[in-house]
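Chemist: okay, predicted coordinates and the sequence, questions at the end:
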Amino acid sequence: MLNISNQKIKDRLQPERYKSFGMLNNPFIGKKVKRNIIIVSVLSLFALFLPWTQNIQAKGKVTMLKPEQRPNEIQAAIAGQIAEWYADEGDLIKKGDTIARLREIKSEYLDPELILRTKEQAEAKKEAVMGYEQKVTALTALIQTLRTNQTVKAQSLAYKLDAAIASATADSVNFASEAENLEVAKVQAKRFESMVEQGLISNTKVEEYRVKLAQQQAKAESALGKWENSQNKLLDARLELSNNTNAFLEKISKAQSDLATAKSNLASAKGELSKLKNKLSSLEVRSGYYYIIAPQEGMLAKVKKQGLGETVKEGTALATIVPTSYDLAVELYISPIDMPLIHEGSTVMFQFDGWPAIVFRGWPNSSYGTFEGTVVAIDQITNENGKYRILVAPGEIWPENLRAGTGARGIALLNNVPVWYEIWRQFNSFPPDYYEPILAKEKVDKPKIKIK
C-alpha cells in the first residue's frame, strides 16, 4: 500500500481472510503467470496454423429434385361450371383418376347432339367431294376421248381429201384428153366439109363425121362436168377437215371449262370438309376436357374451387396434387460475388430447421447434426432478388421426416487454408480463394433418396 491517505485502514484489514493478499506475498506467483502466458501464446500460435475450410453460407428450403415430382396445379382447360367432385382433399389418387366434372356454359356448345350433327355434316360434305371427284374424272376422260376422236376423224378426213385430190386429178386428165379429142374431131369435120365442097366425098360421109364430132363434144362436156364435180368434192373435203378441228376445239374447250369448274368446286368442298373435320376433332377433344383427370399419382390438396355450380375460366386452378413419392433436394440462393466459387459436384453441408445441430464452419468434420449434399444444377440467370439459384441433391441419407418447404442453411465447402490466412482474409474483407474442383469437369451422378 502507498499510504497516501490520512485515513489509515491497514489496522482495520485482516489480510489472512483474503486469498489475493496471500498470493501477492507469494514469491512464485510471477513465474506461474509467465508460464501460463507462454502456454497460451504457444497454443494460439499453433492454432493459427491449423487447417480451416473456407465456406460460403446461404439460405434455402427443401424441394423436389425433379420438376414432375413437385406440387402440380390442376387447371381447367375450358371455361365451364363445376358439376360434380369425385375426390376430396387428402385423398390419394392415381394417374388417370377422375377428380371433377365440368358443365358447358358457352352457347355454341350447348347442343347435346352437336358432335353427331357435325359428323352428319362432315359425311354429307364427304359425299359431295366424292361427287366432284367423279365429275372431274368423267370430264378428264371426256376430254381425252374428244382428243382421240379428233385425231381419228382428222385422219379419216385426210384420207378422204387424198381420195378427192386423186379423183380430181384423174378427171382433170380425162377432161384434157377428151378436149384434145374434140379439137381433133373439129379439125377433121372442117376438112371433110372442104372436101365435100370440092366434090371429093359425098355428103353422107360428112354427116358421119359430124355425128362423131357431136359425140366427142358430148364426151368432152361430160369429162368437164366430172372434173368440176371432183373439184367441188375436193373443196368440200378441205372445208370438212378444217371444220373438224374447229368443232372438236369447241367441244374440248367446253369440257375443259366444266373440268375447271368441277376442280374449283372440289377444292372448295375439300376445304369445307377439312374445316368440319377440324371442328369435329375440336369438339371431341373438348368433350374430354369436361372431366378433370389426375396427371400423376399423389395426394389431392388445396382444392380452390369447391362449390357446385361455380363458374371457372380457362386456366383456372382447381386443385393441387402433391406427389407421395419423390426425390429430395435443396434450393439455395447464392450472391453473384460467390457464384464463381460454386461448381457442379461441389459439397454443401446443411442444417435443417427442426433438427438440432452443432456447427463448426471451419471444421465440418467436427460438426454435429449436419447433412451432406452435392450441387447438381446451377441457374445461369439471377432471380428477382439478384441471386443465383443452385440445386443440391443428397450426398448421404437425409432425415426420413424431412418434407418439402423445410428451411435449410447451407455451407458450401471450399479450399482448406491455415487459420491465420482466414483471419487475415476476413480482416481485409477479401473473398474466398477461387478454385477449380476436379469434379467440376466430370459428370457427377445425382444421388437420390426416395421418401414414401
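Modeler: Sure thing, it's come through. The structure presented is a predicted model; accordingly, all values stated were derived computationally and were not measured.
Chemist: can you count the residues close to the closest residue to residue 77 other than its chain neighbours?
Modeler: Distances taken as CB to CB, 6 or more residues apart in numbering put residue 289 closest to residue 77, at 4.3 Å, once the chain neighbours are dropped. For every residue, glycine as well, the C-beta is placed using N, CA and C. Residues within reach of residue 289, counting by other CB atoms under 10 Å, total 14.
Chemist: can you tell me which residues contact residue 289?
Modeler: 76, 77, 78, 102 (CB atoms under 8 Å, 6 or more residues apart in numbering).
Chemist: pick out the most distant pair among those.
Modeler: For the contacts of residue 289, the farthest-apart pair by CB to CB is 77 and 102; their separation is 9.1 Å.
Chemist: the domain parsing of the chain - what is it?
Modeler: 52-70+323-451, 72-104+290-320, 114-288 (automatic domain parsing).
Chemist: the ones you listed into CSV, with extra columns for mean pLDDT and distance to residue 46?
Modeler: Output for these, formatted as CSV (pLDDT from 0 to 100; distance: least, CB to CB, whole Å):
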stretch, mean pLDDT, distance to residue 46
domain 52-70+323-451, 73, 10
domain 72-104+290-320, 85, 56
domain 114-288, 80, 75
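Chemist: residue 35: which of these is closest?
Modeler: domain 52-70+323-451 (24.1 Å).
Chemist: any buried residues in stretch 251-266, and which?
Modeler: The neighbour-count check on stretch 251-266 (16 or more other CB atoms under 10 Å) flags 251, 252, 255, 258, 259, 262, 263, 265, 266 as buried.
Chemist: for stretch 271-290, same thing?
Modeler: Here stretch 271-290 shows 273, 276, 280, 286, 290 as buried, counting by 16+ other CB under 10 Å.
Chemist: show me where the stretch 201-350 of the chain has strands.
Modeler: Using DSSP state E, counting those that start in this stretch, the strands of the stretch 201-350 of the chain run over residues 291-293, 298-301, 311-312, 317-322, 326-334, 347-352.
Chemist: give the partner strands of the fourth one in its sheet and their orientations.
Modeler: Which is strand 317-322. strand 72-75 (antiparallel), strand 298-301 (antiparallel) (DSSP bridges).
Chemist: what would those strands look like in a markdown table with distance to residue 93 and mean neighbour count?
Modeler: Below are the strands paired with strand 317-322 laid out as a markdown table (distance: least, CB to CB, whole Å; neighbours: other CB atoms under 10 Å):
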| stretch | distance to residue 93 | mean neighbour count |
| --- | --- | --- |
| strand 72-75 | 10 | 16 |
| strand 298-301 | 6 | 18 |
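Chemist: of all these, which one comes closest to residue 311?
Modeler: Nearest to residue 311, of those and by CB to CB, is strand 72-75 at 14.7 Å.
Chemist: quick one, phi psi at the residue nearest to residue 320 when sequence neighbours are not counted?
Modeler: Using CB to CB, 6+ apart and skipping the chain neighbours, the partner closest in space to residue 320 is residue 302 (4.2 Å). Torsion angles at residue 302 (phi, psi; degrees, to the nearest 10) stand at phi 50, psi 60.
Chemist: and the one 4 residues further on, by the same measure?
Modeler: With angles defined as degrees, to the nearest 10, residue 306 shows backbone torsions of phi -100, psi -30.
Chemist: show me the contacts for it.
Modeler: By CB under 8 Å, 6+ apart, the neighbours of residue 306 are residue 85.
Chemist: ok, the lengthiest strand in the chain: who's next to it in the sheet?
Modeler: Longest among the strand segments of the chain by residue count, using DSSP state E, is strand 51-64. When pairs are called by DSSP bridges, strand 51-64 turns out to pair with strand 326-334 (antiparallel), strand 407-418 (antiparallel).
Chemist: could you check the angle strand 347-352 makes with that strand?
Modeler: 60 degrees (axes from the mean of the first three to the mean of the last three CA atoms, to 10 degrees).
Chemist: got the CA positions of strand 51-64 in CSV?
Modeler: Taking C-alpha atoms only, strand 51-64 is exported to CSV below (Å, rounded to 0.1, in the frame of the first residue of the first chain):
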residue,chain,number,x,y,z
PRO,A,51,-6.4,-26.1,-41.3
TRP,A,52,-9.5,-24.0,-41.9
THR,A,53,-12.1,-24.9,-44.5
GLN,A,54,-13.3,-21.8,-46.4
ASN,A,55,-17.0,-21.8,-47.0
ILE,A,56,-20.0,-19.8,-48.3
GLN,A,57,-23.2,-19.6,-46.4
ALA,A,58,-26.6,-19.5,-48.0
LYS,A,59,-30.2,-20.0,-47.0
GLY,A,60,-32.8,-22.0,-48.9
LYS,A,61,-35.5,-24.6,-48.5
VAL,A,62,-36.2,-28.2,-49.2
THR,A,63,-37.8,-29.0,-52.5
MET,A,64,-38.2,-31.9,-55.0
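Chemist: and the helices in the stretch 51-200 of the chain?
Modeler: For the stretch 51-200 of the chain, the helices defined by DSSP state H, counting those that start in this stretch cover 114-198.
Chemist: more neighbours: residue 77 and residue 102, which one.
Modeler: More crowded of residue 77 and residue 102, by other CB under 10 Å: residue 102, with 21 against 16.
Chemist: bridged to that one, which residues?
Modeler: residue 82.
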